[in-house]
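Peer 1: sequence first, then the predicted structure:
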Amino acid sequence: MLTLRELTEKTLTELGIRDALSVEDVFAKVRESFDKQIATRADDVRNLMLREAWLGSETNPATSFRSFWVSRESGVLTLISEKWLKSAPPNLKPIVGRQFNQLKAHIEAGLEQQRKKIESLTEETSLAKDRIDLSLPGVHRPIGSHHLIRQVFQEIEDIFVSIGFSVVEGPEIETPYYNFEALNIPEFHPVRDDMDTFYLELPKGAATPLLLRTHTSPMQIRTMEKQKPPVRVIVPGKVYRRDNPDATHSFMFHQVEGLAVDTDITFCDFTGTIEYFVIQFFGPSVKTRFRPSYFPFTEPSVEFDVSCPFCGGTGTAASGGTCSKCKGAAWIELFGAGMVDPAVYGFVNYDAKKVSGFAFGIGIDRMAMLKYGIDDIQVFFQNDVRFLRQFP
Ligand code: PHE
């Protein structure tokens, strides 16, 4: 038996149809085939629609069935009209015409009925679209953690906040006045050599040069300008220097500045506060010491050392050789500090005869390296997750 396609590709004459009865017969065959298809498809279409809805596809299985029968270009009806009707022998034309019209009405009615059925299914399909499959694995969004530097900032802030300091932050772009002059570092002072560094390119005629701050100390000035004593602040932040990157240097690093000024602050308050902080941070087993040093904005100035946390302050590694961290010195230099130089008070309209205070500038990257046994500062800035994940 010929398929529908094959039937409709030939003319009636080619099919050997020569009388009215055979015409009715062949049309009956087409109608039968349509009826059969549409009956089985009702269920299929429903299932297909549910599936497509589930997969989120835009294709509509009802459309392809419809176009198989009635598409203007190559649907079954078009083919019949072209092949059977137009080329029908004159004696058969009326009956072919009538049969064609009946078939057309039948198919259109059938499709219309199917369309209505599908419409009533759309509610069901849209429900399927919205359904949540609780058995699917959820979307896994890994939660990050704070960078080790941020964590150490937090540890340090917690310690100082617990003894009455508050946290303030300041600009990373500074004027030379705040970065140098008001800190008692005049223009040709030699300590600028270390620091005279990243200046911004500004339009000609700019009121003042600007530079990336080389330390957090400018915030000492900004804080005292704004507030009368008593002052107890710490200032965490980024600082910039013209340092070539190596295991212990980076052109950008982190500091926490500290400043306490009041009417009766003594050197003992200063040493006590710093020792308290270091013991809180490294644990009670470390020892501390001060060495004389020099900063233009503190007098006296000190370098604060801690007994090497790696060799327990012995200078000897566990293997018996020299400790590689302190190079056998048993001490590690931590940070600079001192009593605020009275000259600085002059810049902020504090009465140097009435107030006294201390300041310190802690290098955070260095503290983190010492506490967590990291021997290359660069790992903080490379953002390799294999490193970062070790400090969740
Ligand atoms: N600002 C100094 C530096 O970056 C550190 C410091 C701060 C020293 C406060 C004394 C007092 O080297």
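Peer 2: Nice, thanks for sending it over.

Peer 1: and the residue of the stretch 1-150 of the chain found nearest the ligand, helix, strand or coil?
Peer 2: Nearest residue of the stretch 1-150 of the chain to the ligand: I149, at 16.6 Å (C-beta to the nearest ligand atom). To be clear about C-beta, it is placed using only N, CA and C from the backbone, and glycine gets the same treatment. With DSSP: H, G, I helix; E, B strand; the rest coil as the basis, I149 sits in helix.

Peer 1: mind giving me the packing neighbours of the one helix or strand Q113 maps to?
Peer 2: Using DSSP states H and E, Q113 maps to helix 93-130. Applying 3 or more C-beta pairs under 8 Å, 6 or more residues apart in numbering; DSSP states H and E, we find helix 93-130 packed against helix 20-55, helix 61-70, helix 76-80.

Peer 1: would you map the helices across the stretch 251-392 of the chain?
Peer 2: Taking DSSP state H, counting those that start in this stretch as the criterion, the stretch 251-392 of the chain carries its helices at 267-282, 342-347, 364-372, 379-382, 385-388.

Peer 1: near the ligand, which residues of this structure show up?
Peer 2: H215, S217, F295, T298, G336, A337, G338, A359, F360, G361 (C-beta under 6 Å from any ligand atom).

Peer 1: can you tell me the closest non-neighbouring residue to R289?
Peer 2: D305 (4.9 Å; C-beta to C-beta, 6 or more residues apart in numbering).

Peer 1: mind checking how far the spatially most central residue of the chain is from E257?
Peer 2: The residue lying closest to the centre of the chain (C-alpha atoms, centre = their mean) is G144, at 9.0 Å. Distance, G144 to E257, by C-beta to C-beta, to the nearest Å: 28 Å.

Peer 1: G16: how many residues sit nearby?
Peer 2: 8 (other C-beta atoms under 10 Å).

Peer 1: OK, contacts around it?
Peer 2: With contacts defined as C-beta atoms under 8 Å, 6 or more residues apart in numbering, G16 is in contact with S22.

Peer 1: so for it, what's the pLDDT?
Peer 2: pLDDT for G16: 90.

Peer 1: try the one 5 residues further on
Peer 2: Among the per-residue scores, L21 holds a pLDDT of 91.

Peer 1: likewise A352?
Peer 2: The predicted local confidence for A352 is 94.

Peer 1: can you give me the neighbour number for it?
Peer 2: 13.

Peer 1: what of A247?
Peer 2: Neighbours around A247, by other C-beta under 10 Å: 12.

Peer 1: now swap in the one 4 residues further on and tell me
Peer 2: Neighbour count of F251, defined by other C-beta under 10 Å: 15.

Peer 1: now for it: which residues touch it?
Peer 2: Per C-beta under 8 Å, 6+ apart, neighbours of F251: F198, Y240, R241, R242, D243, N244, P245.

Peer 1: mark which of those are buried, thanks.
Peer 2: F198, Y240, R241 (16 or more other C-beta atoms under 10 Å).

Peer 1: among those residues, which lie within strands?
Peer 2: Y240 (DSSP state E).

Peer 1: nearest to the ligand among the buried ones among the contacts of F251?
Peer 2: R241 (8.7 Å).

Peer 1: and that closest one, its phi and psi?
Peer 2: Phi and psi for R241, reported as degrees, to the nearest 10, are phi -140, psi 160.

Peer 1: helix/strand/coil for the residue lying farthest from the centre of the chain?
Peer 2: Within the chain, the residue lying farthest from the chain centre (C-alpha atoms, centre = their mean) is N91, at 80.1 Å. Three-state assignment for N91 (three-state DSSP): coil.

Peer 1: spit out the contact partners of the nearest residue to P186 once chain neighbours are set aside.
Peer 2: In this structure, P186 finds its nearest non-sequential neighbour in F180, 7.6 Å apart by C-beta to C-beta, 6+ apart. Residues near F180 by C-beta under 8 Å, 6+ apart: P186, E187, H189, R192, M195.

Peer 1: the residue of the stretch 151-300 of the chain found nearest the ligand: neighbour count?
Peer 2: Across the stretch 151-300 of the chain, the shortest distance to the ligand (C-beta to the nearest ligand atom) belongs to H215, at 3.4 Å. If you count neighbours by other C-beta under 10 Å, H215 ends up with 24.

Peer 1: gap between it and Q378?
Peer 2: H215 sits 21 Å away from Q378, going by C-beta to C-beta.

Peer 1: go on, A207?
Peer 2: In terms of C-beta to C-beta, A207 sits 37 Å off from Q378.

Peer 1: of the two, who's got more company?
Peer 2: Legend: neighbour count by other C-beta under 10 Å for A207 and Q378, higher for Q378 (14 against 7).

Peer 1: pLDDT score assigned to the closest residue to that one other than its chain neighbours?
Peer 2: What sits nearest to Q378 in space, not counting adjacent residues and going by C-beta to C-beta, 6+ apart, is P245, at 6.2 Å. At P245, the pLDDT value in this model is 87.

Peer 1: tell me the residue of this structure that sits nearest the ligand?
Peer 2: Closest point on the chain to the ligand, by C-beta to the nearest ligand atom, is G361, at 2.7 Å.

Peer 1: run through the stretch 51-200 of the chain and note the low-pLDDT ranges.
Peer 2: 51-62, 122, 125, 129, 196 (pLDDT under 70).
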